[in-house]
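A.B. asks: Sequence unavailable; structure follows:
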DNA sequence: CGGGTTAATGCGAGTGAGTTGCAATAGACC
DNA sequence: GGTCTATTGCAACTCACTCGCATTAACCCG
């Protein structure tokens, strides 16, 4: 366990946001400016391999990382970018259908479900 | 309507696959080698703006383009990459729940739903 | 059918988001 | 403290686009 990994882990555990690698790098560099972005990427990769963090995609931007202990689905408004965290139970109906009709086991976490939020749908 | 746009449209209409911009460029260039990749991108962008084609993301690779007349959801196996085309009706339960609980209108086409296909789930 | 105007094209360079090769360094273990 | 392996910093590279710009091709009009 190196110091860069320790700092990164602390930051990941200390707040429950969805942050890109660059954002995490900024936070890490606020404490230890010499930690390189590629180190962040490599640590995130390793932490993901170990099952501690996961990443998800919310649109055409960078991936966002968060703790694996709080996996959930995501609804993202295509218009305003609003993010809604969705309990997995919401996907259970789809999961059942996918399984019975295609033998497919869905994993609803990796890509967000796009659409329109309440505000943008009415506008 | 320029010749590059005509060729691209013919290729898009002539087969019903999901192809990346580079793959489309190869097919176009088989007929007219001077058509530049950036022209393909610009034409795809314009055709998308006009509602004739759409693009979707199936994973960590390039976007895939197909005709808007055949929009549907996608299940993609994280392990073997197998693609299953899913009728929109499969998402209607989720759409209803998303709407009643969050006022959110889902668009299940842009990002594939990842998971495990029948073969890879049992293996 | 020639001339003008606008939109589209080819090309190269640029951008965002990572990824990789490699030499230097820091941890972990004795 | 010494050794050995994993990690790091850095620069360079890749992939998938995106953009600026000078050139060219479509379309329109008389």
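C.D. replies: Alright, I've got the coordinates. In this text, all values refer to a predicted model and were calculated from it rather than measured experimentally. Numbers count the residues shown, from 1 in each chain, chains lettered A, B, ... in the order given.
A.B. asks: Would you map the strands across chain A?
C.D. replies: For chain A, applying DSSP state E gives strands covering A:19-20, A:53-56, A:64-67, A:73-77, A:83-86, A:105-107, A:113-116.
A.B. asks: Buried residues in the helix or strand of chain A with the lowest mean pLDDT, which are they?
C.D. replies: Lowest by mean pLDDT, DSSP states H and E among the helices and strands of chain A is helix A:118-122, with a mean of 92. By neighbour count with 16 or more other Cβ atoms under 10 Å in any protein chain shown, helix A:118-122 contains the buried residues residue A:120. Bear in mind the C-beta positions are built from the backbone N, C-alpha and C, glycine included.
A.B. asks: one step back: same list (the strands of chain A) but as TSV, adding mean neighbour count, distance to residue A:45 and mean pLDDT.
C.D. replies: Below are these laid out as TSV (neighbours: other Cβ atoms under 10 Å in any protein chain shown; distance: least, Cβ to Cβ, whole Å; pLDDT from 0 to 100):
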stretch	mean neighbour count	distance to residue A:45	mean pLDDT
strand A:19-20	16	14	97
strand A:53-56	19	9	97
strand A:64-67	20	10	96
strand A:73-77	22	21	98
strand A:83-86	18	24	97
strand A:105-107	18	19	98
strand A:113-116	22	25	98
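A.B. asks: what about the least confident helix or strand of chain A, near chain B?
C.D. replies: Yes: shown here: helix A:118-122 in contact with chain B (Cβ under 8 Å from any Cβ of the partner chain) through A:118, A:121.
A.B. asks: which outside residues touch that helix?
C.D. replies: Helix A:118-122 has contacts (Cβ atoms under 8 Å, 6 or more residues apart in numbering or on different chains) with A:77-80, A:82, B:102-105.
A.B. asks: wait, what's in contact with residue A:86?
C.D. replies: Taking Cβ under 8 Å, 6+ apart, one finds A:72-75, A:113, B:98, B:102 in contact with residue A:86.
A.B. asks: Out of those residues, which is nearest to DNA strand D?
C.D. replies: residue A:113 (19.5 Å; Cβ to the nearest atom of the strand).
A.B. asks: Wait, the closest one touches residue B:111, no?
C.D. replies: Yes: in terms of Cβ atoms under 8 Å, residue A:113 counts as a neighbour of residue B:111; the distance is 7.2 Å.
A.B. asks: what's the spacing between stretch A:73-88 and its chain's center?
C.D. replies: 12 Å (Cα atoms, centre = their mean, to the nearest Å).
A.B. asks: burial count for residue A:39?
C.D. replies: By the measure other Cβ atoms under 10 Å in any protein chain shown, the count of residues near residue A:39 is 16.
A.B. asks: could the strands of chain A go into JSON lines alongside distance to DNA strand C?
C.D. replies: Shown next, in JSON lines, are those (distance: least, Cβ to the nearest atom of the strand, whole Å):
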{"stretch": "strand A:19-20", "distance to DNA strand C": "5"}
{"stretch": "strand A:53-56", "distance to DNA strand C": "7"}
{"stretch": "strand A:64-67", "distance to DNA strand C": "8"}
{"stretch": "strand A:73-77", "distance to DNA strand C": "15"}
{"stretch": "strand A:83-86", "distance to DNA strand C": "16"}
{"stretch": "strand A:105-107", "distance to DNA strand C": "18"}
{"stretch": "strand A:113-116", "distance to DNA strand C": "17"}
